[in-house]
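Q: model this:
(one chain, ligands or ions: 3)
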Amino acid sequence: MGRLRRAGPAFEPEAPATAANVAIIMDGNGRWAARRGLPPLAGHRAGTRALHRTVEAAPGLGVRSLAVYAFSTENWGRPEREVDDLMTLFAETIEREFPDLDRQGVRVRFVGRRDRCPDSLRALMEDMEARTSGNTRLDLWVAFDYGSRAEILHAVRAMIAAGTDPADVDEARLRAHLHAPEMPDPDLVIRTSGEMRMSNFLLWQSAYAEFEFTTTLWPDFGGADLEAALRAYAGRQRRFGRR
Ligand code: IPE
Ligand code: IPE
Ligand code: MG
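A: Ligands and ions are numbered 1, 2, ... in the order given. As a prediction, the model looks like this:
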């Protein structure tokens, strides 16, 4: 028997010059605040400024799509005071950041459940999405009340409810039922604060993502840190299971 040969052209693993699609697990706000003797809200507030800096730097570094983890399905389990503060802060941040985001050509979309947050916040999210829908310079995906397991379960339930034939359940069909089917898979996932876990973020979408972990706490993050992560990515070899 001859050697098994692969059909098609030889696969050349190569790293693209930059990661066009980046996702960030913005972690470390609480520790940033605690080190200063401040309540968690102070860290979350500083975190919104880090997001502002990062979004501003992203397009110039070749990033086209940026997904950020703002609030997980598990974060509802935090003390009531912190959750309330976060909901208020999200609303304030949407209102404060809208003009700058719009001016920079950023299209904002929220990924996750919408049925558990205050009505006023939901209205602000919908308004932000509608008012930035024509922008094309950067896609910003804000994962809010987001959890990958819930997202995948939701997709499975939707397919069953639609009477989908099991033979028709493939990757494309499942993806079509995710919260944001048009969101590209991340090339690079960055997590700040030194923790090295996914915490239920983009589990389906990150199947072949590269990972970069930094000990920088999220409120201290900015354009230079994003650039450093992209530089590390540029040195990777993506193999996708091939030789
Ligand atoms: C991330 O910062 C923000 C949210 C989860 C909302 P943390 O609040 O988790 O910060 P640490 O991990 O306690 O430092
Ligand atoms: C993940 O951070 C969620 C967000 C960044 C919004 P957490 O701080 O909630 O994650 P764990 O609890 O350390 O895994
Ligand atoms: Mg944390």
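Q: which SS class is the most centrally placed residue in the chain?
A: Central residue of the chain (Cα atoms, centre = their mean): residue 67, 2.7 Å from the mean position. Secondary structure for residue 67, judged by DSSP: H, G, I helix; E, B strand; the rest coil, is strand.
Q: distance of it from residue 185?
A: 10 Å (Cβ to Cβ, to the nearest Å). Where you see a C-beta, it was placed from the backbone N, CA and C, and this is true even at glycine.
Q: quick one on the thing from earlier: wait, the residue nearest to the centre of the chain sits on residue 144?
A: No. With contacts counted by Cβ atoms under 8 Å, residue 67 stays clear of residue 144, the gap being 11.3 Å.
Q: List the buried residues in stretch 77-88.
A: 78, 85-86 (16 or more other Cβ atoms under 10 Å).
Q: before we move on, what about stretch 31-40?
A: 31-33, 40.
Q: got the CA coordinates for that stretch in PDB?
A: Output in PDB follows, covering the C-alpha atoms of stretch 31-40 (Å, rounded to 0.1, in the frame of the first residue of the first chain):
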ATOM      1  CA  ARG A  31      -8.400  43.900  42.300                       C
ATOM      2  CA  TRP A  32      -7.400  47.200  40.800                       C
ATOM      3  CA  ALA A  33      -9.900  48.900  43.100                       C
ATOM      4  CA  ALA A  34      -9.100  46.800  46.200                       C
ATOM      5  CA  ARG A  35      -5.400  47.800  45.800                       C
ATOM      6  CA  ARG A  36      -6.400  51.400  46.200                       C
ATOM      7  CA  GLY A  37      -8.800  50.700  49.100                       C
ATOM      8  CA  LEU A  38     -11.800  51.500  46.800                       C
ATOM      9  CA  PRO A  39     -15.100  49.700  46.200                       C
ATOM     10  CA  PRO A  40     -15.400  47.500  43.100                       C
END
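Q: Is that stretch in proximity to ligand 1?
A: Yes. Remark: stretch 31-40 sits within contact range of ligand 1 at 31, 40, by Cβ under 6 Å from any ligand atom.
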